[in-house]
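K.L.:
How does the following fold in three dimensions:
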Amino acid sequence: MGDFQEKGGVMGENLLWVIGVLIIGVALVGVLLYFFKPKPPLKAPKVEVSLEELKRILKDRSKTFEEIERATGLFLEHFGRLSPSKEARLEVLYLVVIHPKVSSKLVLSFEKELKAKNPEDSKEIEAVLKGALDSRK
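P.N.:
Coordinates of the predicted model:
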């Protein structure tokens, strides 16, 4: 029987040692996670958009294609908040089309989006598009 108690004692010490190592390991991982936790992603700054500012950008012939593309994207993205009148919508379309650095792809996608948002204005949109394209010649 003495042999059995000695083996149980050694086994018990090994079990305590393993449990101790596990506790220390978990604590170490917890401390590392606490100090090296991932930082939350930065939120994009909220962009204040006004119809006047967008028109100012579109009128500036020195603006790059990327700036014109961004302005048209902001116009469409904030369309509901901007609530542009029919005249304002058509003016923005005209300004986009006559800008020297705009691409035909951007013009067509902008026209398509305007028509989708204002199907009742389709004829006027087409007329402004035609007039603006003719003025570019």
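
K.L.:
Quick one: residues in contact with stretch 95-103.
P.N.:
For stretch 95-103, the external contacting residues (CB atoms under 8 Å, 6 or more residues apart in numbering) are 55, 58-59, 61, 63-65, 68, 72, 106-107, 110, 128-129, 132-133, 135-136. Where you see a C-beta, it was placed from the backbone N, CA and C, and this is true even at glycine.

K.L.:
just checking, next helix/strand downstream of the helix or strand hosting L32?
P.N.:
Counting by DSSP states H and E, the element that carries L32 is helix 2-35. Going down the chain from helix 2-35, the next helix or strand is helix 51-59, by DSSP H and E.

K.L.:
From the chain's centroid, how far away is that next one?
P.N.:
How far helix 51-59 lies from its chain's middle: 21 Å, per CA atoms, centre = their mean, to the nearest Å.

K.L.:
could you give the angle of whatever helix or strand comes next after that helix to helix 51-59?
P.N.:
Once the chain leaves helix 51-59, the next helix or strand it forms, by DSSP H and E, is helix 65-77. With axes from the mean of the first three to the mean of the last three CA atoms, to 10 degrees as the basis, helix 65-77 and helix 51-59 are set at 150 degrees to each other.

K.L.:
Which elements pack onto helix 65-77?
P.N.:
Judged by 3 or more CB pairs under 8 Å, 6 or more residues apart in numbering; DSSP states H and E, the packing partners of helix 65-77 are helix 51-59, helix 86-98, helix 104-117.

K.L.:
List of residues touching that helix?
P.N.:
By CB under 8 Å, 6+ apart, helix 65-77 touches 47, 49, 51, 54, 57-58, 63, 82, 84, 92, 96, 99, 101-103, 106, 110, 113, 117.

K.L.:
for that helix, which positions count as buried?
P.N.:
The neighbour-count criterion (16 or more other CB atoms under 10 Å) identifies 68-69, 71-72, 74-76 as the buried residues of helix 65-77.

K.L.:
how is the chain carved up into domains?
P.N.:
Listed domain ranges for the chain are 1-38, 51-136 (source: automatic domain parsing).
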